[in-house]
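K.L.:
attaching a predicted model along with its sequence, questions to come.
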Amino acid sequence: MSAADPSAAVPPPAPFPLDASGRVHPSAQTRAAAFLLCAHGTLATRLAPTVLGPVHTAGQVVLHGAYWREMEICSLLSRATSWTFDAALPFLTPRWEAAFLPAPVRPGGTLVEDQMIDLSAFGHAVYGGIRPATLLPPKADPTDPFALALGMLEFESSRLIQGQIAVLKSPALASRRPAVVAAVEFRLTQIRTLWNEACADF
Amino acid sequence: MPYIAHADHRVFYEIEGPADGAVYVMVNGLTQYASLWRPYVAALTAGGFRVATFDLLGQGHSDKPALFISQDDQVEILRALVAEFAGRPVFLAGISFGGLIALRYATRYPQTLTGLVAMSTFAELPPQLQLIGAALRNGLVLGGISYLQDLLLPMNLSDAWLGAHMADLDAIKRPGWLNNDVYALQNLMESFIGFTPLTPDLPQITVPTLILNGEFDFLTPRPLHETLRRGIPDSALVIVPRAYHAFTLERPGLTAMLLRKFAGEVAAGSFVGGGSIWIAPETDNGEVIAFPAGFDPMRALPVAPSTPLPAMPPLAASTS
């Protein structure tokens, strides 16, 4: 019955280090924010074409809201972070961006359907697979703008993931369930691994 | 950490206590996690029991399937865990959602159990519970885990307990907030889509069954436990005085005593089932007394029952 402990190759990150004033250390802020901006920026970029035309369907209403939430998240993170020099970022960000490019889905549907599955799987992983706010130590300064931004991200994620869940669980994709589940599990593993690696230095 | 392998998933579990003891397997409620049973592990192992705790699929340290979790999978995981103790007396105890999983398991595999303890649980989804469940799901979706906890804490715990812990509530909530994920809890809640009542299957639970219901539990009130009492042939309902839905968290000493007592009575052949109704003591070491004749256990007012109660031992007689 018992399987050996199959802990992930990259262990979950430790809590964010705090400076003397109780704020998340700028080096940790910089690394975490860079990753999150990369992920949420990818979502915003991939959602942007969906808000160009008039809104005719219920799905477009959801996408319209998701795009602007992503813009808000990116704007807030970029302004609430205490940025500092991080020599690893020039190497890490291209790796993240390459990983976040559209990924193939198991064959069986149209190209548009595959893109929808991958985008939804990616969003599900970003909103549900990582929870940066849980890395805030209990003693973190609750008025720290970076901590507040992560709190806002945690709060919004439970709402934003609903759009992805609605798509991924939709009856329209029922016949492609194995492909959908595989896509989501792939993105979850990918995002968690990259996030854990990004935060490994803390 | 040890894991049960189930399909492509891993389920975290822990086993403590003497290797030759009777076994208690504890099943978590929806937002719980295995380590919340620590007081029970301490109390039961001290009493010679071996105790197994685990996180359901979608909880705590167990895998959290991204899109779907079926209650059948939870039952099969439980089957794998119980199979570890084949040949030994196994008592299965579940609270709330975990109680439902335990009931579901007991309807299918009663031969693997020596006894069942169903706490703050249900076999049906009447309109109140269905609508409260839907509202809690919406609360989770709109406000996240923290908001769900904010709803559940005052609903499920007494003023006395909350008042004593007001200053510590954030710290009390934090492990649950850290251990659970929105999408996984949502999947557990949505495992009720297509739910069919277990009531017709309850007579298949042939083992002695202790049903525990808090006096003031309004999430799963008395009628839901009455369904269990009437459906499970060898059952006894024990009403826990002044208790709400989460009395296992609030009164671990009392509840562990009731679990030890139940297992002891089953082992001794002195368990009084047959749909009998009892009242747990106010203190951890008090006597369990028979529900008084002439009153309706379904009512808060002291009125006579509309249907006859089962024959009971004399008032104030202990079940031991």
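P.N.:
Structure received.
K.L.:
tell me the contacts of the residue of the stretch 201-320 of chain B found nearest chain A?
P.N.:
Ranking the residues of the stretch 201-320 of chain B by distance to chain A (C-beta to the nearest C-beta) places residue B:249 first, at 20.8 Å. The way it works is simple: take the backbone N, C-alpha and C, and place the C-beta from them, glycine included. Contacts here follow C-beta atoms under 8 Å, 6 or more residues apart in numbering or on different chains; on that basis residue B:249 touches B:36, B:156-157.
K.L.:
hmm, 7 Å instead?
P.N.:
Residue B:249 sits next to B:36, B:157 when contact means C-beta atoms under 7 Å, 6 or more residues apart in numbering or on different chains.
K.L.:
can you check the one 10 residues further on too?
P.N.:
Neighbouring residues of residue B:259 by C-beta under 7 Å, 6+ apart: B:24, B:44, B:93, B:117.
K.L.:
got it, and residue B:41?
P.N.:
When the contact criterion is C-beta under 7 Å, 6+ apart, the partners of residue B:41 are B:16, B:51, B:53.
K.L.:
dump the residues you listed into CSV; add secondary structure, distance to chain A and neighbour count as well.
P.N.:
Output for the contacts of residue B:41, formatted as CSV (DSSP: H, G, I helix; E, B strand; the rest coil; distance: C-beta to the nearest C-beta, whole Å; neighbours: other C-beta atoms under 10 Å in any protein chain shown):
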residue, secondary structure, distance to chain A, neighbour count
B:16, strand, 15, 15
B:51, strand, 17, 24
B:53, strand, 15, 24
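K.L.:
what's the separation between the residue nearest the centre of chain B and residue B:37?
P.N.:
Note on chain B: the residue nearest the mean C-alpha position is residue B:95, at 1.8 Å, using C-alpha atoms, centre = their mean. As for residue B:95, its distance to residue B:37 is 10 Å (criterion: C-beta to C-beta, to the nearest Å).
K.L.:
now the strand or helix carrying residue B:101, how far from the centre of its chain.
P.N.:
Counting by DSSP states H and E, the element that carries residue B:101 is helix B:97-108. Taking the mean of its C-alpha atoms, helix B:97-108 sits 9 Å from the chain's own mean (C-alpha atoms, centre = their mean, to the nearest Å).
K.L.:
name the helices or strands packed onto the very next helix or strand once past it?
P.N.:
Read in the C-terminal direction, the helix or strand following helix B:97-108 is strand B:115-119, with elements assigned using DSSP H and E. Applying 3 or more C-beta pairs under 7 Å, 6 or more residues apart in numbering or on different chains; DSSP states H and E, we find strand B:115-119 packed against strand B:90-95, helix B:97-108, strand B:209-214, helix B:252-268.
K.L.:
I'd like to know which elements the second one is packed against.
P.N.:
What that stands for is helix B:97-108. When contacts are defined as 3+ C-beta pairs under 7 Å, 6+ apart, helix B:97-108 packs onto strand B:23-27, helix B:71-83, strand B:90-95, strand B:115-119.
K.L.:
quick check: which ranges of chain A have low pLDDT?
P.N.:
Regions of chain A meeting the criterion pLDDT under 70 cover residues A:1-9.
K.L.:
what about the helices in it?
P.N.:
In chain A, the helices defined using DSSP state H lie at A:26-47, A:58-80, A:89-99, A:111-124, A:145-168, A:177-198.
K.L.:
quick one: the second one near chain B?
P.N.:
The one in question is helix A:58-80. No. In terms of C-beta under 7 Å from any C-beta of the partner chain, no part of helix A:58-80 sits within range of chain B; the closest distance is 13.3 Å.
K.L.:
center of chain A - which residue?
P.N.:
The residue lying closest to the centre of chain A (C-alpha atoms, centre = their mean) is residue A:126, at 2.2 Å.
K.L.:
that residue is in contact with residue A:37, isn't it?
P.N.:
No. In this structure, residue A:126 is not within contact of residue A:37 by C-beta atoms under 7 Å, at 11.5 Å.
K.L.:
burial of the closest residue to residue B:100 other than its chain neighbours, as a residue count?
P.N.:
Nearest residue to residue B:100 in three dimensions, chain neighbours excluded: residue B:121, at 5.5 Å (C-beta to C-beta, 6 or more residues apart in numbering or on different chains). Residues within reach of residue B:121, counting by other C-beta atoms under 10 Å in any protein chain shown, total 26.
K.L.:
distance of the residue nearest to the centre of chain B from residue A:142?
P.N.:
33 Å.
K.L.:
re earlier: what sits up against the helix holding residue B:101?
P.N.:
For helix B:97-108, the surrounding residues in contact (C-beta under 7 Å, 6+ apart) are B:27-30, B:56, B:71, B:74-75, B:78-79, B:92-94, B:113, B:116, B:118-123, B:188, B:198, B:201-202, B:204-205, B:207.
K.L.:
which of these count as buried?
P.N.:
Taking 16 or more other C-beta atoms under 10 Å in any protein chain shown as the criterion, what is buried in these is B:27-30, B:56, B:71, B:74-75, B:78, B:92-94, B:113, B:116, B:118-123, B:188, B:198, B:201-202, B:205, B:207.
K.L.:
ok so, going back, want to try a markdown table for the helices of chain A, with distance to residue B:3 as columns?
P.N.:
Written out in a markdown table, the entries for these read as follows (distance: least, C-beta to C-beta, whole Å):
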| stretch | distance to residue B:3 |
| --- | --- |
| helix A:26-47 | 29 |
| helix A:58-80 | 35 |
| helix A:89-99 | 28 |
| helix A:111-124 | 24 |
| helix A:145-168 | 26 |
| helix A:177-198 | 17 |
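K.L.:
what does chain B have sitting close to chain A?
P.N.:
Near chain A, the residues belonging to chain B are B:1-5, B:10, B:66-67, B:80, B:84, B:140-142, B:144, B:174, B:178, B:181-183 when assessed by C-beta under 7 Å from any C-beta.
K.L.:
packing partners of the worst-scoring helix or strand of chain B on mean pLDDT?
P.N.:
Counting by mean pLDDT, DSSP states H and E, the weakest-scoring helix or strand in chain B turns out to be strand B:3-6, with a mean of 90. In terms of contacts (3+ C-beta pairs under 7 Å, 6+ apart), strand B:3-6 is packed against strand A:2-3, strand B:9-16, helix B:71-83.
K.L.:
and the second one with helix B:71-83, angle?
P.N.:
The directions of strand B:9-16 and helix B:71-83 differ by 40 degrees, with axes from the mean of the first three to the mean of the last three C-alpha atoms, to 10 degrees as the criterion.
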